[in-house]
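Novice: how does the following fold in three dimensions:
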Amino acid sequence: MRKRVLDSVCLAVLCTILTLGLWPFHTPPNDVTWLQDRNGLRFGEYGVVISSATSAMPHAAAEAQAGSIEIWVQPARMWDSGTFLAFYVPENLYRFSLRQSQTDLRLQGEDDREPATTSSIYVDDVFQGKGPTFLTVTSGAGGVAVYVDGILANRPERLRLPVNSFAGRIVLGGSPGQEDGWKGRLLGFAIYQRALTPPQVERHSQSWKATGSPEIAAEDGPSAIYLFDEHAGSVIHSRAETGTDLSIPGKFVVPDQIFLEPFWREFSMSRDYWSAALKNVVGFVPLGLSFYASLSVVRRVKRAALLTILLGTLVSITIEVLQADLPTRDSGMTDIFTNTLGTWAGVVLFRNWLVQAIFQKALRLLPG
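Specialist: Now for the predicted structure:
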């Protein structure tokens, strides 16, 4: 009887962990819909838009080593987080991205002064839940500048973007490599082949808000403009001749999804990273507790602690391998380490005299 009860507990713990790690077990529909009351798209829980081809930096922009982007967004909630714009190529998934981090904006890009490394800057209190926010990022000889609603918000001296930062495949509402979905409304997006001046930034911001499209002069150098005025279908056309079309997939997808991302690429000092790591440790403590109790006390297996920890590692590896085929989940090596640590913590916790006493008392209440 005692063995059956403990076996049931172990099975329940294992099924719970597998469910939490692999849910929803399938690829959901792409939750992107057209707005009915104005131009734009709404991104739901799992929604993404991807360029149908790789966008190239026009020759003039490459020669000048300059470019700009404009994007008009309204997050669903100001306490959410997620990437709403990314440029990437398969050999570099982290070329450039803009991410909502609750009320703050995070800009991440490859640093021109240190190739193959990425840097991040934050602009505080950008998303306050008061309506759509118009963002402009310019890059040129004067460095990088971030504007919010036409007003300069940050000019980071420590970041210099390469000329190709605003080229590659475009992802809206999500991120390449790993799922990092964003929820909200996207009302406009444009790419320029030069660093817009402050007066141009202000003029564009005002015209976007007043008319739903930018007031663009020839010298502004637009290479792609997306007004999201189709209101139906799965293709979004660029209103500039050189821009590539965007596509709304029928099923949710993570472009170039990573298989077991190395822990040194996943690591960051962000609150989201450490929160996820803590959850992964705590989530495997019950597995360590239950299986070690069953193997050591009831079944009297030798090296029960080692076997339990190995089991936790194998379960974690299985989950991470299967997650590589689920676009709603992230496959990474960090989870294997944190899950193993959680299993070990469960073993150590069971060896505590108080836990042992409670366990032994519970066993005595069960029929032999």
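
Novice: burial of the closest residue in space to residue 261 that isn't next to it in sequence, as a residue count?
Specialist: Leaving aside its sequence neighbours, residue 261 sits nearest to residue 332 (C-beta to C-beta, 6 or more residues apart in numbering; 4.2 Å). Backbone N, C-alpha and C define where each C-beta goes, glycine included. By other C-beta atoms under 10 Å, 23 other residues sit near residue 332.

Novice: ok, now residue 207?
Specialist: Neighbours around residue 207, by other C-beta under 10 Å: 14.

Novice: confidence score at residue 364?
Specialist: Model confidence at residue 364, given as pLDDT, is 67.

Novice: by contact count, what packs against the helix ranked longest in the chain?
Specialist: Longest helix of the chain, by residue count under DSSP state H: helix 271-293. On a contact count with 3 or more C-beta pairs under 8 Å, 6 or more residues apart in numbering; DSSP states H and E, helix 271-293 meets helix 2-22, helix 304-323, helix 333-350.

Novice: how far out from the middle of the chain is the first one?
Specialist: Meaning helix 2-22. How far helix 2-22 lies from its chain's middle: 30 Å, per C-alpha atoms, centre = their mean, to the nearest Å.

Novice: mind listing what's buried along it?
Specialist: Across helix 2-22, burial judged by 16 or more other C-beta atoms under 10 Å covers 6, 9-10, 13-14, 17, 21-22.

Novice: closest to residue 356 among those residues?
Specialist: Proximity of those to residue 356 (C-beta to C-beta) peaks at residue 6, which lies at 14.7 Å.

Novice: surely that closest one is in contact with residue 298?
Specialist: Yes. Using C-beta atoms under 8 Å, residue 6 is in contact with residue 298, at 5.5 Å.

Novice: how about the strands in the stretch 51-200 of the chain?
Specialist: Assigned strands in the stretch 51-200 of the chain, in chain order: 67-75, 81-89, 92-101, 104-110, 118-123, 133-140, 143-148, 151-154, 169-172, 184-192 (criterion: DSSP state E, counting those that start in this stretch).

Novice: and those strands: which comes nearest residue 45?
Specialist: So among the strands of the stretch 51-200 of the chain, strand 81-89 is nearest, using C-beta to C-beta, at 10.4 Å.

Novice: the residue nearest to residue 261 touches residue 177, doesn't it?
Specialist: No. Look at residue 332 against residue 177 with C-beta under 8 Å: they stay out of range, at 10.0 Å.

Novice: shared neighbours of the two, which are they?
Specialist: Contact with both residue 332 and residue 177 is made by residues 258, 261, according to C-beta atoms under 8 Å, 6 or more residues apart in numbering.

Novice: returning to that earlier point: can you redo the helices and strands packed on helix 271-293 as TSV with mean pLDDT and distance to residue 361?
Specialist: Formatted as TSV, these follow (pLDDT from 0 to 100; distance: least, C-beta to C-beta, whole Å):
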stretch	mean pLDDT	distance to residue 361
helix 2-22	89	13
helix 304-323	96	20
helix 333-350	96	14
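
Novice: so who does residue 10 touch?
Specialist: Residue 10 is in contact with 290-291, 294, counting by C-beta under 8 Å, 6+ apart.

Novice: which of these lies closest to residue 124?
Specialist: residue 290 (44.4 Å).

Novice: got CSV for the strands of the stretch 51-200 of the chain, with mean neighbour count and distance to residue 340 too?
Specialist: Formatted as CSV, the strands of the stretch 51-200 of the chain follow (neighbours: other C-beta atoms under 10 Å; distance: least, C-beta to C-beta, whole Å):
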stretch, mean neighbour count, distance to residue 340
strand 67-75, 24, 36
strand 81-89, 22, 27
strand 92-101, 22, 26
strand 104-110, 20, 29
strand 118-123, 17, 28
strand 133-140, 24, 40
strand 143-148, 20, 40
strand 151-154, 15, 40
strand 169-172, 25, 32
strand 184-192, 25, 36
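
Novice: of those, which shows the lowest average pLDDT?
Specialist: strand 118-123 (a mean of 89).

Novice: just how off-centre is stretch 261-280 within its chain?
Specialist: On the basis of C-alpha atoms, centre = their mean, stretch 261-280 sits 12 Å off its chain's mean C-alpha point.

Novice: now do that stretch: everything it contacts.
Specialist: Residues from elsewhere that reach stretch 261-280 (C-beta under 8 Å, 6+ apart): 81, 101, 177-178, 330-335, 337-339, 342.

Novice: of the residues you listed, which is the most crowded?
Specialist: Of all those, the highest neighbour tally under other C-beta under 10 Å goes to residue 335, namely 28 neighbours.

Novice: now it: closest residue in space that isn't a chain neighbour?
Specialist: Once flanking residues are discounted, residue 335 sits nearest to residue 280: 5.3 Å by C-beta to C-beta, 6+ apart.

Novice: how about residues contacting the helix or strand hosting residue 358?
Specialist: Following DSSP states H and E, one finds residue 358 within helix 353-365. Helix 353-365 is contacted by residues 2, 289, 293, 297, 349-350 when judged by C-beta under 8 Å, 6+ apart.

Novice: can I get the residues you listed in JSON lines including distance to residue 68?
Specialist: Output for the contacts of helix 353-365, formatted as JSON lines (distance: C-beta to C-beta, whole Å):
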{"residue": "2", "distance to residue 68": "69"}
{"residue": "289", "distance to residue 68": "55"}
{"residue": "293", "distance to residue 68": "61"}
{"residue": "297", "distance to residue 68": "66"}
{"residue": "349", "distance to residue 68": "54"}
{"residue": "350", "distance to residue 68": "58"}
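
Novice: widest-spaced pair of those residues?
Specialist: Distances among those were taken as C-beta to C-beta; the most separated pair is 2 and 349, at 20.4 Å.

Novice: OK, contacts around residue 22?
Specialist: Going by C-beta under 8 Å, 6+ apart, residue 22 touches 319, 322-323, 326, 329.

Novice: please consider this matter closed, and thank you.
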